[in-house]
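In: Just a sequence and a predicted model for now, questions to come.
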Amino acid sequence: MLNYKRCSEVNIDSVFSAFKISFSDYMIKMDISKEIFINRFFDTEGNSIERSFIAFDSNNPIGIILGGIKNYEGIPTMRCGSFAVHPSYRGTNVSIELFKLHRNEAVRNGCKQLFLEVIKDNFRAIKFYENVGYQKIYELNYFYTQNMKPLIKNNNMQLEIKRKDINDIKLVFKNLKDFHINWQNDIDYMDKVGDAYFYSAYKQYSLLGVLCIDSNGKIIFLWVNKHYRCKSIGKTLLSSAYIDLNLSKLSIGFPNNNLMQGFINHIGFVKNPISQYEMYLTL
């Protein structure tokens, strides 16, 4: 017999089991521990165990949909942080029932839109999302480099680079005007990343650029004052973090952005074959 519950109503072991079995044949291997699962999905990424739902067949967990609500770019938004069903139950009503619970939870909490990210090659999932009303809006691309030579040479030596806390980036965010930033590069995400490092570029006490990067070299946020671009400020921030943190590579992901695309092309980043769509459903 199929039944559905809030994840807050069951043991976290059942939630983790549903996640593991439902992603067992996923195109990207999701071999993570329970502790990492909890920290990543129910802390850093902003999902709420009270806003998430799990499907059972008798006592066996067979599907899961994680949800988190926040005011995203000025709009109350429910994000689907993970959605998967046991391979043997795909094509049944399990996906539809989980989605209905997710959507109803959003409506009940005053959300005006649903949002998710999906891998571009996951055609079955995309078809499902489109059938229930989602639309592709942004494309998320990912890049990396292990060649640090272009970063290290010709840096701006007139800058003072300081490792700081998140406050300079919060100041920058207050002044960003209608600039789309993906969920996992947003200020709320940065504030929860346990191994995030923050760097600021100053010239004569003026803040010209900021960087947030984690201990694995993932660039979470990079910004340079528009009046000082093309002066090696972004490159100098990255090279300073690379040296300071003893990194072996750098990586970055971002939605459609011609300025960032041009910058990473210039310093030699390579495109990852995996890319995603950001999909939205207006409520």
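Out: That came through, no problem.

In: contacting residues around residue 26?
Out: residue 84 (Cβ atoms under 8 Å, 6 or more residues apart in numbering). Any C-beta I mention is one placed from the backbone N, CA and C, and that applies to glycine too.

In: mind checking pLDDT for it?
Out: Looking at residue 26, its pLDDT reads 72.

In: Are we agreed that it is in a helix?
Out: No. Secondary structure of residue 26 (DSSP: H, G, I helix; E, B strand; the rest coil): coil, not part of a helix.

In: Please determine how far it is located from residue 85.
Out: Between residue 26 and residue 85 the computed distance is 11 Å (Cβ to Cβ, to the nearest Å).

In: And residue 48, how close does it get to residue 5?
Out: Remark: distance between residue 48 and residue 5 (Cβ to Cβ) = 15 Å.

In: hmm, I was thinking of residue 14
Out: Where residue 5 is concerned, residue 14 sits at a distance of 9 Å (Cβ to Cβ).

In: next one: residue 182
Out: Residue 182 is 30 Å from residue 5, by Cβ to Cβ.

In: If you drop the residues flanking it in sequence, what lies closest to residue 229?
Out: residue 259 (7.7 Å; Cβ to Cβ, 6 or more residues apart in numbering).

In: Work out for me the element that neighbour sits within.
Out: helix 258-266 (DSSP states H and E).

In: got the contact list for the residue nearest the centre of the chain?
Out: By Cα atoms, centre = their mean, the chain has its centre lying nearest to residue 184, at 2.6 Å. Listed by Cβ under 8 Å, 6+ apart, the contact set of residue 184 reads 45, 220, 253.

In: Also residue 195?
Out: Residue 195 touches 214, 215, 216, counting by Cβ under 8 Å, 6+ apart.

In: could you pull out the strands for the stretch 101-250 of the chain?
Out: Counting by DSSP state E, counting those that start in this stretch, the stretch 101-250 of the chain has strands at residues 113-119, 135-145, 160-164, 196-203, 206-214, 218-224, 250-255.

In: a markdown table for these, including mean pLDDT and distance to residue 58?
Out: Compiled in a markdown table, the strands of the stretch 101-250 of the chain are given as follows (pLDDT from 0 to 100; distance: least, Cβ to Cβ, whole Å):
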| stretch | mean pLDDT | distance to residue 58 |
| --- | --- | --- |
| strand 113-119 | 98 | 29 |
| strand 135-145 | 96 | 37 |
| strand 160-164 | 94 | 53 |
| strand 196-203 | 96 | 42 |
| strand 206-214 | 97 | 41 |
| strand 218-224 | 96 | 41 |
| strand 250-255 | 96 | 40 |
